[in-house]
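Enquirer: Can you look at this prediction? I've put the sequence above it.
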Amino acid sequence: MRSQYNTHDEEGFCCPECTCSEQIRRQLIYGVVVAFVISLVITLQIIIASSQDAWLRVDEAKLWLAKIEKQQQATQALVDKQLAIRDSIRTPVRSLKPQGRPMMTVVVPFVRKQMKQMLQFLDRWALPQYAPLNDTLVTSMRHPIDLIFYFNRQRDFAIEEQINTNLKKNNIAKYFSAIKFMYAGLSDAEDLYPYGPTNMFYKLMDNPIVRENYYYFFYMEPDCLPIRPGWLDIIQELTFTRSTPFWIQGGIYYGSVTLQEKDRFHINGNAIYSTADDYHELLRAVMKHVLLAYDIDIMNFLLTDIQLLRRVWHQFVYSDFIANMFRSSYSEKKMRDEMPNLYFIHGGTNIDEN
């Protein structure tokens, strides 16, 4: 007789109820084991992937640190160079009193294709309303001043003859103590635009004839037009009535073209320049770093070193005696009426002549 508690038959088989429970238990155990194995595999994969990513990040960090170190070295080299420049800059001790020779000259740079414009430029000086000197203006600053025509290539006798003929016709020589010709001697490579005008300017600043014979010069391109008489007196007064020397005195841009922010406050290239040794040293440093447009190059260089900029900023004098109207239209009469100190307009198109 079977016990009521015996769940197995005589042959050792489970009853139907027992068989189902055992199967469920085995399935649960199998499921748990499979889940554990899958979890373990996933965990191992995550660990391996994390390790690989960590090594990659370490390599990236090493490359980044090497790049930063290289940038720091380059920056330090530039700082050291600029500090050396800054230490070399000193205010020159120069007398501003005439010493029996011209202290200043007007330099007119030009190229061959500007010859027609050049002759019209000189014809303008012969008109009373644009004459270099104004006999009605009494000034104590009227001293001997030279005029230099500065050609971009080698000496050209035909060009000299054309200019001399015009000067004689217009009686221009009476305004100047001497009239000279100088030549930049640019090669074809040096004369490519826009580098040609810049190379001309730097060669002029390197020229010992200019640096040893004049304290200042007014750089006046053929498209820099006087709009009043007596402009030769004015540039001398602006130069020699200051209590301290300066490196550049000139005007900013008044035209309608939108300039880059860094270029908006540069002094236009048609300006009064010093030949002082310290300014010459600065220009030599500028030439090693930037070489695009000689007037913009200087400011772009100084903006890389705020300490140097602060130290020499007083050497740059902003003045309203000249207006840069690059690629802009203007009314000469209106500008003359609205700007009583304005004597020159550089570039642009005068709508009064149309």
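Expert: Thanks, I have the structure now. Residues are numbered from 1 along each chain as shown.
Enquirer: Could you pull out the strands in the stretch 51-200 of the chain for me?
Expert: 104-110, 145-151, 178-183 (DSSP state E, counting those that start in this stretch).
Enquirer: Pull the residues that contact the last one.
Expert: Read that as strand 178-183. Residues outside strand 178-183 that contact it (Cβ atoms under 8 Å, 6 or more residues apart in numbering): 102, 107, 146-155, 160, 163, 167, 172-173, 204, 207, 209-210. Where you see a C-beta, it was placed from the backbone N, CA and C, and this is true even at glycine.
Enquirer: Can you say which of these are buried?
Expert: 102, 107, 146-153, 163, 167, 172, 204, 207, 210 (16 or more other Cβ atoms under 10 Å).
Enquirer: so what's the closest residue to L147 other than its chain neighbours up against?
Expert: Residue nearest to L147 in three dimensions, not counting chain neighbours: F176, with 4.3 Å by Cβ to Cβ, 6 or more residues apart in numbering. Shown in contact with F176 (Cβ under 8 Å, 6+ apart): 106, 145-147.
Enquirer: one more time with 10 Å, if that's ok
Expert: Counting by Cβ atoms under 10 Å, 6 or more residues apart in numbering, F176 touches 102, 105-106, 132-133, 144-148, 167, 232.
Enquirer: what's the answer for R327, then?
Expert: With Cβ under 10 Å, 6+ apart, R327 has these contacts: 255-257, 347-349.
Enquirer: out of those, which are buried?
Expert: The buried subset of the contacts of R327 (16+ other Cβ under 10 Å) comprises 255, 347-348.
Enquirer: out of the contacts of R327, which are inside strands?
Expert: Among the contacts of R327, the ones falling in strands (DSSP state E) are T349.
Enquirer: from the contacts of R327, which is closest to Q249?
Expert: Proximity of the contacts of R327 to Q249 was ranked by Cβ to Cβ; the top entry is G347 with 18.6 Å.
Enquirer: Quick one: residues contacting that closest one.
Expert: Applying Cβ under 10 Å, 6+ apart, the residues near G347 are 221, 223-225, 253, 255, 268, 270, 323-328, 330.
Enquirer: What ranges does the chain have for its helices?
Expert: 16-88, 115-125, 157-170, 195-206, 208-213, 231-240, 277-289, 294-302, 306-312, 332-338 (DSSP state H).
Enquirer: Lowest average confidence across the ones you listed, which one?
Expert: Ranked by mean pLDDT, the helices of the chain bottom out at helix 16-88, with a mean of 62.
Enquirer: circling back to that earlier point, among the buried ones among the contacts of strand 178-183, which two are most distant?
Expert: The span of the buried ones among the contacts of strand 178-183, defined through Cβ to Cβ, is set by P102 and R153 at 26.0 Å.
Enquirer: which of the buried ones among the contacts of strand 178-183 lies closest to L309?
Expert: L204 (24.4 Å).
Enquirer: For that closest one, which non-adjacent residue is spatially closest?
Expert: Counting by Cβ to Cβ, 6+ apart, the residue nearest L204 is V210, at 6.0 Å.
Enquirer: what's the one you found in contact with, if anything?
Expert: V210 touches 105, 107, 148, 150, 182, 203-204, 217, 273, 275, counting by Cβ under 10 Å, 6+ apart.
Enquirer: again with Y219
Expert: 106-109, 150, 200-201, 204, 248, 250, 268-273, 294-295.
Enquirer: again with G251
Expert: G251 neighbours (Cβ under 10 Å, 6+ apart): 267-268, 270-271, 318-324, 342, 344-346.
Enquirer: For H280, which residues are in contact?
Expert: Counting by Cβ under 10 Å, 6+ apart, H280 has contacts 205-206, 211, 247, 274.
Enquirer: Swap in 8 Å and give it another go.
Expert: 205-206, 211.
Enquirer: Look up how far E237 lies from N134.
Expert: 12 Å (Cβ to Cβ, to the nearest Å).
Enquirer: er, D223 actually
Expert: On the measure of Cβ to Cβ, D223 and E237 end up 24 Å apart.
Enquirer: Likewise for L167?
Expert: Distance of L167 to E237, computed by Cβ to Cβ: 25 Å.
Enquirer: Neighbours of D233, how many?
Expert: 20 (other Cβ atoms under 10 Å).
Enquirer: Quick check, it in contact with I145.
Expert: No - using Cβ atoms under 8 Å, D233 is not in contact with I145; the gap is 9.7 Å.
Enquirer: Just want the most central residue of this structure.
Expert: In the chain, the centroid-proximal residue (Cα atoms, centre = their mean) is N300; its distance is 3.3 Å.
Enquirer: I'd guessed that one sits against K262; true?
Expert: Yes - with contact defined as Cβ under 8 Å, N300 counts as touching K262 (6.5 Å).
Enquirer: for the residue nearest to F316 when sequence neighbours are not counted, what are its contacts?
Expert: Take F316 and drop its neighbours on the chain: the residue closest to it by Cβ to Cβ, 6+ apart is I248, 5.3 Å away. With contacts defined as Cβ under 8 Å, 6+ apart, the neighbours of I248 are 267, 271-274, 298, 315-317.
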